[in-house]
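Q: got a predicted model here, sequence first, then my questions.
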Amino acid sequence: MHTLYLSHPNCELHSMGARHPESPQRLQSLNAAVNAASWARPLKMEQAPLLNVAHLTSTHPKHYIDAIVEQSPDEGTVALDADTIMNPHSLNAALLAAGAGVNATQRIIKGDVRNAFCAVRPPGHHAESSIAMGFCIFNSVALAAEAALASGLQRVAILDFDVHHGNGTVEIFQERPEVLVCSSFQWPFYPGRFDQVDKPNIVLSPLKEGDGSGEFRAAIERDWTAAIKNHQPEMIFVSAGFDAHAADPLAGLNLHEQDYQWVGEQIVDWAAQYSEQRVMAILEGGYNLDALALSGVRFITALNQPA
């Protein structure tokens, strides 16, 4: 079965401003690199579908959804917080991002594809149930995990290797033992929320500024391997942020593109053991365009290996 690659040109219309690091050029760079790569197995390339607003209630309360819809501007921009800004295309882009994750999840569970990578924006893992922050409006990976549980799966795992802690995902699932959340991140660092939660289903792997491949790989092997073995998820979700790369301007870790292929290979191996090969990954951070493109291609290469 193929690896599904979902993206949509309308995700590139969302803009938070000319100098904002979460820019349309991020997707342009990644999509160009993916299209130029020589794949051992062809990717199944499709456009992301729009998520119906009503489906957001699996993760976000109605009052929050209504507030976002009401604030969506017809022209100009609206700031949801100091870093998270909407233009007239932002709501549509956020619904496409969420729709990609949910659609890919449903396709994987049905057996149409083995795994998927959703190249969409805005990112989602900082969005808490009722708070937009950190460039994020709706928590796309949480919505996808909820869709898997609604389909009848009993246990899932969300793995987050973005350099910034996935506070929104932890906030949403910290009282949900059926959802294992593993997060590696630079600490102390943004966002400084839900990064010391002590729950059996929350596995936190803080890394200090300057840490690189050795420290990252050791933390994943030490913390995540045992947690996944104990949880035995029926599907694995990935918040795939590539901003821990040494070239990224927004953080201070020193990973390289090879590390993203390595962690992808670990995830594929875990999925083969416990999850019938089911993996759904969705783009989070990554703000150096070249590093994002190189790292994304290496990660997708790991997903796209023959079974």
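A: Cool, got the structure.

Q: please count neighbours and contacts with C-alpha atoms only from this point.
A: Will do.

Q: now do the helices in the stretch 151-300 of the chain.
A: All helices of the stretch 151-300 of the chain, identified by DSSP state H, counting those that start in this stretch, fall at 167-173, 213-219, 225-231, 257-274, 289-303.

Q: remind me what the last one packs against, helices and strands.
A: Right, the one you point to is helix 289-303. Where contact means 3 or more Cα pairs under 8 Å, 6 or more residues apart in numbering; DSSP states H and E, helix 289-303 is packed against helix 24-36, strand 115-118, helix 257-274.

Q: gap between the second one and the chain center?
A: The chain centroid and the centroid of strand 115-118 are separated by 10 Å under Cα atoms, centre = their mean, to the nearest Å.

Q: same thing with the first one?
A: Averaging C-alpha coordinates over helix 24-36 and over its chain gives two centres that are 17 Å apart (Cα atoms, centre = their mean).

Q: now swap in the last one and tell me
A: Distance of helix 257-274 from the chain centroid (Cα atoms, centre = their mean) equals 15 Å.

Q: related to what we said a few turns ago, so which of the helices and strands packed on helix 289-303 is the most surrounded?
A: Stretch with highest mean neighbour count among those: strand 115-118 (a mean of 28; mean count of other Cα atoms under 10 Å).

Q: partners of that one in the sheet?
A: Sheet pairing for strand 115-118, assigned by DSSP bridges, gives strand 3-7 (parallel), strand 279-283 (parallel).

Q: out of those strands, which is closest to Ala226?
A: strand 279-283 (18.2 Å; Cα to Cα).

Q: the strands in this protein, which residues?
A: Ranges of strands within the chain are 3-7, 44-47, 78-79, 85-86, 115-118, 156-160, 179-186, 202-207, 236-240, 279-283, based on DSSP state E.

Q: let me have the ones you listed in TSV, adding mean pLDDT and distance to Gly17 as columns.
A: Listed next are those as TSV, based on pLDDT from 0 to 100; distance: least, Cα to Cα, whole Å:
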stretch	mean pLDDT	distance to Gly17
strand 3-7	98	21
strand 44-47	98	25
strand 78-79	98	11
strand 85-86	98	8
strand 115-118	98	23
strand 156-160	99	27
strand 179-186	98	26
strand 202-207	98	31
strand 236-240	99	23
strand 279-283	99	20
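
Q: count of neighbours near the nearest residue to Leu50 once chain neighbours are set aside?
A: Ranked by Cα to Cα, 6 or more residues apart in numbering and with sequence neighbours excluded, the top spatial neighbour of Leu50 is Leu96, at 4.5 Å. By other Cα atoms under 10 Å, 28 other residues sit near Leu96.

Q: right, and Leu96 touches Ala48 too?
A: Yes - counting by Cα atoms under 8 Å, Leu96 touches Ala48, with 6.0 Å between them.

Q: common neighbours of these two, please.
A: Listed as contacting both Leu96 and Ala48 by Cα atoms under 8 Å, 6 or more residues apart in numbering are His8.

Q: contacting residues around the nearest residue to Val203 once chain neighbours are set aside?
A: Closest residue to Val203 apart from its sequence neighbours, by Cα to Cα, 6+ apart: Cys182 at 4.6 Å. Under the criterion of Cα under 8 Å, 6+ apart, the contact list for Cys182 reads Ala157, Ile158, Leu159, Asp160, Ile202, Val203, Leu204, Ser205, Trp224.

Q: which ones are touching the residue nearest to Leu50?
A: By Cα under 8 Å, 6+ apart, the neighbours of Leu96 are His8, Cys11, Ala48, Pro49, Leu50, Leu51, Val120.

Q: for it, give its distance to Leu13.
A: Look at Leu96 and Leu13: by Cα to Cα, to the nearest Å, they are 12 Å apart.

Q: my guess is Met280 meets Arg107, correct?
A: No - shown here, Met280 and Arg107 do not form a contact pair, counting by Cα under 8 Å, at 10.0 Å.

Q: so those two - more neighbours on which side?
A: Legend: neighbour count by other Cα under 10 Å for Met280 and Arg107, higher for Met280 (31 against 17).

Q: beta partners of that one?
A: In this structure, Met280 bridges to Ala116, Phe237 when assessed by DSSP bridges.

Q: which ones are touching it?
A: Gly101, Ala104, Thr105, Ile108, Asn115, Ala116, Phe117, Cys118, Ile236, Phe237, Val238.

Q: ok, Ala127 next?
A: Met133, Gly134, Cys136, Ile137, Phe138, Asn139, Asn167, Gly168, Thr169 are the contacts of Ala127 under Cα under 8 Å, 6+ apart.
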